[in-house]
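Novice: Got a predicted structure plus its sequence, pasted below:
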Amino acid sequence: MRTALLTAALLALAACGRDEGAAPAAPTEAPPIPSKPPLVEPPQAPDRLGFVDGGGVERLSLSCSAGQIEVAVPGFERIGSEDRLTVGAGDEAFAFAADLQAPGEGIVAGGAAEADLLARLARGETVSAVYGRQTVGPLRAARPASLPAFATGCTAAPAG
């Protein structure tokens, strides 16, 4: 009992001399500097999308750069007198100029990235292509989750 009274008295004396407005004593060691979290960059929009048939074989691809779309259909034979490739998205057709001098197999065509085409792609509509008498489609995107980012990235104003 005596020890408890002595302890209580010592605590009361220590509290009496204490200034409530006084700043706490500075720590003897500097606090650690918090580390910065790693910089997380948003995923970049894909600049190329493949479109596949029912068997999962890629039959057509779309690439986008600076507001221009390039369409590649490796399975089409070149026709010297045909300079237009038509791409269908849903129930709408979009014409692209074929590059008959492009290296490699198939047909490559390009043109402006039209807002209606990009909106249809973002919604996940199927894609088809017609070149002369050759057709392919309807095709679905190999990575459907990438369609909205592709469309958004393609509509972005070109850098510069």
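Specialist: In hand now; what should we look at?
Novice: What residues sit buried inside the strand or helix carrying Val71?
Specialist: Assigned by DSSP states H and E, Val71 belongs to strand 68-73. By 16 or more other Cβ atoms under 10 Å, the buried positions in strand 68-73 come out as 69-73. Glycine gets a C-beta too; all of them are placed from N, C-alpha and C.
Novice: What strands line up against that strand, and which way round?
Specialist: strand 58-65 (antiparallel), strand 107-112 (antiparallel) (DSSP bridges).
Novice: for these, which one sits closest to Ala129?
Specialist: The minimum distance between Ala129 and those falls on strand 58-65, with 5.6 Å, by Cβ to Cβ.
Novice: Show the subsequent helix or strand relative to the helix or strand of the chain with the lowest mean pLDDT.
Specialist: Least confident helix or strand of the chain, by mean pLDDT, DSSP states H and E, is helix 2-16 with a mean of 49. Where DSSP H and E defines the elements, the next helix or strand beyond helix 2-16 is strand 48-52.
Novice: helices or strands up against that following strand?
Specialist: Counting contacts by 3 or more Cβ pairs under 8 Å, 6 or more residues apart in numbering; DSSP states H and E, strand 48-52 is packed against strand 58-65, strand 134-141.
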